[in-house]
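> no sequence on this one, just coordinates:
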């Protein structure tokens, strides 16, 4: 255990509160959660540094009507934590504006009671591709063929 991390619980609670109602208006709070040199990786992009993370989140939130993360399990120690979650997203251009639910896992590396690295794992197809009209149709047909191939 690092002497810089006495207890991961306070930073995990800040993270949970931030993502409870993930919105562009909350981006100024990122410095309370992440280190200046944070690395953030997800299936779409990798950012390096707090300013880059803010810009990425601002871009990804454009047009989103609602985004909420419901956290489930938490495992780890004071240096590395794993959180399971469900992202509930509403975007008018995806799934005809209906809510999309995507399960995922975050791997968090903590330093000085802030997150220095976050890597998110989730199915990008379930979040995005399957809900775009033409792509969704094609993906659905491929899935049907795979099931029928037993």
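Yep, it's here. This one's a predicted model, so the numbers in the text were calculated from it and none came from an experiment. Numbering: from 1, shown residues only.
> how about the nearest residue to the residue nearest the centre of the chain, chain neighbours excluded?
Centroid-nearest residue in the chain: residue 120, 5.6 Å away (criterion: C-alpha atoms, centre = their mean). Distances taken as C-beta to C-beta, 6 or more residues apart in numbering place residue 42 nearest to residue 120, at 4.1 Å, with adjacent residues excluded. In short, each C-beta sits where N, CA and C put it, glycine included.
> and that neighbour, what does it touch?
Shown in contact with residue 42 (C-beta atoms under 8 Å, 6 or more residues apart in numbering): 119, 120, 122.
> closest to residue 107 among those?
The closest of the contacts of residue 42 to residue 107 turns out to be residue 119 (C-beta to C-beta; 4.6 Å).
> if I pick that closest one, what's in contact with it?
By C-beta under 8 Å, 6+ apart, the contact set of residue 119 is 40, 41, 42, 106, 107.
> Within the helices and strands, which one has the fourth one?
Taking DSSP states H and E as the definition, one finds residue 106 inside strand 100-111.
> Show the subsequent helix or strand relative to that strand.
Downstream of strand 100-111, the next assigned helix or strand under DSSP H and E is strand 114-122.
> buried stuff in that next one?
Buried residues in strand 114-122, counted by 16 or more other C-beta atoms under 10 Å: 114, 115, 116, 117, 118, 120, 122.
> ok, the fifth one touching residue 104?
So that's residue 118. No - counting by C-beta atoms under 8 Å, residue 118 stays clear of residue 104, with 11.5 Å between them.
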